[in-house]
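>>> Got a predicted structure plus its sequence, pasted below:
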Amino acid sequence: MKNSFNRLGERTTSAFSRLFRDRELILRSGGRVHYFACTRRFQHGLLASLVVFLTWVGFASVGYFKQTALINEKNQAIWRAQDSYRELLDQVSDYQLSIVSITRDLKETQSHLHNLFDQNESLKNTLYSTEAALKLSQVERDRINKGRRALNDQFDLLGKEVRRMTGKNNALQNHIGNLRDHLENARAEKAELAAERKQMGDRLWELNNDLQGSIMHGENLEATIHSLRSDLRTAMIEKGLVVDKNDTLRKRLASLETTLADQVDSHSAQLRKISERALRNIHVLESVLRNTGLDLERIAPLPEGTIMGKGGPFIPYHPDMRHMQGDDNAAEVDLSMHLDRWERLRDVVAGLPFIAPIKGGYITSRYGRRKDPFTKRWAMHKGLDLGGQYKTPVRATASGKVVFAGRRPYYGRTIDIQHANGIMTRYAHLYKITIKRGEAVERGDEIGLLGSSGRSTGPHVHYEIRHMGKAYNPRKFLRAVNNVQ
């Protein structure tokens, strides 16, 4: 057991020895190299400081979160107490309003009771006076009852007479209603007859006008017939002359058709030659773009629908079918497509970086796999290093806009230029930058001076070409210059 602990301690000590071995930092600035030693004791102290700092941060964070949770709970309790207090105030207000309403109702009820009491006293007095009057008028009531019975008999007789007269009046009313219906029908028939009479009068007036127009039209037709007879005699005389002219025009038309056919054939041949020349230029430019390593379909894609299917039955062509050709024949369509494609490729090629960033430079490190000049280990080099004299002018390899001008880690003083079609060039390890971010530059404009800033062993310019973020070999672009020319 003791041996196991000893072996574990030895392994831990060996691991710490390998992890915290003596190291040296190499810094290069202004052409000078400085060395800084990092001993094991320094690394142990740095690790201990880091552990203490992280421990303090952890305890502080836990204490902060606990204190924050406690404060939030107290705040919520205060908010709940405030809400309860506001609800209590609302209830007190409701109680006050209820008391005021009850007090008002009690006052109204008391007033109503006083009025009822006064009315009761008045009714008692009226009742006493009425009882006295009834005792004095008993005889008068007997006399009135006799008269009432006599009046009732008369009312019965009058009711019978009224019912008889009502029946008679109803019969008269029915008769009067029938007479009114007949009268309305007679009035409607009279109105229809009047409207029909008016229509017949209007139609008669129109017929008279048509008759007068027909008479005048007949006279005009007779005059026209007379004039046409005269024109017919004149046309018969001129017909012989027109026949002779038509023969001459037919011969002239045949000659013109022959000349036109020759011109059409010549024009078609010229169109085909121009189209073939444009197609050859297209192949040359496409070959140049392929030689650079760029994806032709991404940087200069064909327009959608350019490649179309063709077919149909075979019908031999005859010169008489010339009039059946469409306005857009195949030669003109092919020429238009080839010229559009050639102009697109020409614009793309014109915007590509085909010149070297320095004049008279030489390659000091190629693109691709190489041994790192500092660590001597294999690494990927995504650019081309061109050496030259110190402070040699560095120029833009294509027209574009400066998107970065400043220092980058390892690159030193660096310039990034964005060109057309998603192309970006980078110039690093410069001694001096002579342009600013946002400036527009043309091909060949000076943008800085060759130097050795950043992670560099000597004066040179690190030159990169990227398309949509992907690095490409700049040497392929430089080799393609001869093909472009």
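Everything's here; your move.
>>> Which parts of the stretch 151-300 of the chain are strands?
Using DSSP state E, counting those that start in this stretch, no strands are found in the stretch 151-300 of the chain.
>>> what are the phi and psi angles of residue 373?
Main-chain torsions, residue 373, degrees, to the nearest 10: phi -70, psi -20.
>>> Setting aside sequence-adjacent positions, which residue approaches it most closely?
If the residues on either side of it in the chain are set aside, residue 373 comes closest to residue 457, at 5.1 Å by Cβ to Cβ, 6 or more residues apart in numbering. C-betas here are computed from N, CA, C, even on glycine.
>>> ok so that neighbour is a helix residue?
No - counting by DSSP: H, G, I helix; E, B strand; the rest coil, residue 457 is not found in a helix; it is coil.
>>> Read off the pLDDT value for residue 188.
At residue 188, the pLDDT value in this model is 79.
>>> should've said residue 18
73.
>>> which residues does it contact?
Contacts for residue 18 (Cβ atoms under 8 Å, 6 or more residues apart in numbering) come out as none.
>>> sec struct for it, please.
helix.
>>> Please report how far it lies from residue 48.
Residue 18 sits at a distance of 19 Å from residue 48 (criterion: Cβ to Cβ, to the nearest Å).
>>> and if you look at residue 9?
19 Å.
>>> repeat for residue 363
For residue 363 relative to residue 48 (Cβ to Cβ), the value is 50 Å.
>>> ok, the two, which is more surrounded?
More crowded of residue 363 and residue 48, by other Cβ atoms under 10 Å: residue 363, with 15 against 10.
>>> could you measure the more buried one against residue 249, distance?
77 Å.
>>> what does residue 478 give?
As judged by Cβ to Cβ, residue 478 and residue 249 stand 68 Å apart.
>>> Between those two, which has more neighbouring residues?
residue 478 (20 against 11).
>>> And this structure, split by domain according to the record?
Residue ranges for the domains of the chain, per automatic domain parsing: 19-136, 362-484.
>>> by contact count, what packs against the helix ranked longest in the chain?
Longest helix in the chain, counting residues (DSSP state H): helix 138-292. When contacts are defined as 3 or more Cβ pairs under 8 Å, 6 or more residues apart in numbering; DSSP states H and E, helix 138-292 packs onto helix 296-299, helix 330-350, helix 474-479, helix 481-484.
>>> got TSV for those helices, with mean pLDDT too?
Shown next, in TSV, are those (pLDDT from 0 to 100):
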stretch	mean pLDDT
helix 296-299	79
helix 330-350	82
helix 474-479	91
helix 481-484	60
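>>> ranking the ones you listed by burial, who's on top?
When these are scored by mean count of other Cβ atoms under 10 Å, the highest mean neighbour count falls to helix 474-479 (a mean of 20).
>>> Tabulate the CA atom coordinates of that helix in PDB.
Output of helix 474-479 as PDB, limited to C-alpha atoms (Å, rounded to 0.1, in the frame of the first residue of the first chain):
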ATOM      1  CA  PRO A 474      -1.300  33.700 -55.900                       C
ATOM      2  CA  ARG A 475       1.300  32.200 -58.200                       C
ATOM      3  CA  LYS A 476      -1.400  30.700 -60.400                       C
ATOM      4  CA  PHE A 477      -2.800  34.300 -60.900                       C
ATOM      5  CA  LEU A 478       0.700  35.600 -61.800                       C
ATOM      6  CA  ARG A 479       1.200  32.800 -64.300                       C
END
